[in-house]
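A.B. asks: could you look at this predicted model? Sequence included:
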Amino acid sequence: MEIARDARIYVAGHRGLVGSAIWRELQRRGYTHLIGRTRAELDLLDGAAVNRFYAQEKPEYVVDAAAKVGGILANDRHPAEFIYQNLQIQNHLIHGAYVAGVRKLLFLGSSCIYPRLSVQPMKEEYLLTGPLEPTNEWYAVAKIAGIKMCQAYRRQYGCDFISAMPTNMYGPNDNYDPQNSHVLPALIRRFHEARQANAPTVTCWGTGSPFREFLYADDLARACIFLLEHYSEEQFINVGSGTEVSVRELTETVGRVIGYAGRIEWDASKPDGMPRKLMDSSRLFALGWKPQVDLETGIRLAYEDYRKRFG
């Protein structure tokens with residue numbers, strides 16, 4: 001089902017890494033009625049405000065890319081904020097979409113919904129088959145609730161609400177804050193600053209042994225539009241690149257792209273997080289979607305964006 005070019009499409013979180021990529025891709029394809037609100041314009045923690053927004057703007061399609069996000073440190077220090085704010089945001093957006101009669105909603109989750117020691121690669125049916133990774137369980141529980149909420153509204157009310165679980169994302173408009181960024185943007189910032197300072201060493205958290213999968217944000221954006229047009233099932237669907245890299249290899253690649261000439265050291269007293277997080281995206285690939293941007297190309301593009309924004 002192709003979406004009409006004049007359809008009213010609301011992208012929640014359109015200024016963030018994922019939301020801005022979806023917005024760019026929709027614009028590139030010629031969609032003419034995109035709806036976006038900054039946090040100052042619409043507080044998604046305010047249910048009444050969200051309901052007023054839905055009543056006024058009457059979006060036909062909603063992509064929920066809004067969330068409070070952060071890395072291991074932020075999740076560990078602010079567990080109450082991560083579970084409360086994410087539950088509130090998605091409750092208001094999903095229930096509000098039902099009340100407003102939205103034609104289709106896409107809820108975006110995270111690969112951290114899977115058990116810490118999940119069988120690899122992680123298939124959709126492995127959800128809730130074991131304990132979560134403790135360092136981000138608050139965020140994961142909220143995202144699992146979002147998936148279940150979409151499934152419940154589909155069952156009870158017949159809503160065409162679908163969920164997709166992206167792997168680790170990176171790209172333009174990423175968060176480079178030293179306190180709460182994810183691993184890849186944190187590495188870009190750290191190596192850039194080390195290069196500028198001619199620092200002899202860069203110290204990274206953990207052992208470098210975990211494996212991670214990464215997907216460039218614009219690839220996810222293309223996947224989201226593909227799913228809005230071609231997917232309508234209760235089961236959520238994985239969105240990954242299908243390839244993984246060790247954190248050590250990732251770190252060395254970032255250093256090479258940025259041109260850092262010093263030594264990389266590892267602080268094994270710091271946590272590694274989940275040992276491996278590779279998603280099985282075979283269901284999505286079988287539908288005909290594939291990513292286009294390889295990791296090194298994506299890191300170069302992300303670093304260009306970082307330099308544009310921060311010099």
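C.D. replies: Great, that's in hand.

A.B. asks: buried sites along the lowest-mean-pLDDT helix or strand in the chain?
C.D. replies: Among the helices and strands of the chain, helix 72-77 carries the lowest confidence by mean pLDDT, DSSP states H and E, at a mean of 79. Counting neighbours by 16 or more other C-beta atoms under 10 Å, one finds that the buried residues in helix 72-77 are 72-75. In short, each C-beta sits where N, CA and C put it, glycine included.

A.B. asks: quick check: of those, which lies closest to R52?
C.D. replies: The shortest distance between R52 and any of the buried residues of helix 72-77, using C-beta to C-beta, involves A74 and amounts to 30.7 Å.

A.B. asks: and the residue nearest to that closest one when sequence neighbours are not counted, which of the three is it?
C.D. replies: In space, not counting the residues next to it along the chain, A74 is nearest to N180; the distance is 3.5 Å by C-beta to C-beta, 6 or more residues apart in numbering. Using DSSP: H, G, I helix; E, B strand; the rest coil, the secondary structure recorded for N180 is coil.

A.B. asks: how far away is N180 from R15?
C.D. replies: 16 Å (C-beta to C-beta, to the nearest Å).

A.B. asks: need the contact list for N86.
C.D. replies: In this structure, N86 makes contact with 67-68, 139, 142-143, 146, judged by C-beta atoms under 8 Å, 6 or more residues apart in numbering.

A.B. asks: and the two most separated of those?
C.D. replies: Within the contacts of N86, K68 and G146 form the most distant pair, 12.7 Å apart (C-beta to C-beta).

A.B. asks: tell me the one of the buried residues of helix 72-77 nearest G19?
C.D. replies: Checking the buried residues of helix 72-77 against G19 by C-beta to C-beta gives A74 as the nearest, at 18.9 Å.

A.B. asks: wait, isn't the closest one in contact with Q179?
C.D. replies: Yes. Here A74 lies in contact with Q179, judged by C-beta atoms under 8 Å, at a distance of 6.4 Å.

A.B. asks: now render the buried residues of helix 72-77 as a markdown table, adding distance to P200.
C.D. replies: A markdown table is the format used below for the buried residues of helix 72-77 (distance: C-beta to C-beta, whole Å):
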| residue | distance to P200 |
| --- | --- |
| I72 | 26 |
| L73 | 25 |
| A74 | 29 |
| N75 | 31 |
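
A.B. asks: how about W266, secondary structure?
C.D. replies: When the structure is reduced to helix, strand and coil (three-state DSSP), W266 reads as strand.

A.B. asks: excluding its backbone neighbours, what's nearest Q292?
C.D. replies: When the adjacent residues along the chain are set aside, Q292 lies closest to D219, with 5.9 Å between them (C-beta to C-beta, 6+ apart).

A.B. asks: identify the residues contacting that neighbour.
C.D. replies: The neighbours of D219, taking C-beta under 8 Å, 6+ apart as the test, are 241, 291-293.

A.B. asks: if you set the cut-off to 7 Å instead, what comes out?
C.D. replies: D219 makes contact with 291-293, according to C-beta atoms under 7 Å, 6 or more residues apart in numbering.

A.B. asks: residues contacting the residue lying closest to R300 once chain neighbours are set aside?
C.D. replies: Nearest residue to R300, sequence neighbours excluded (C-beta to C-beta, 6+ apart): V257, at 5.6 Å. With C-beta under 7 Å, 6+ apart as the criterion, the residues that contact V257 are 296, 299-300, 303.

A.B. asks: and V257, what element?
C.D. replies: According to DSSP states H and E, V257 maps onto helix 247-258.
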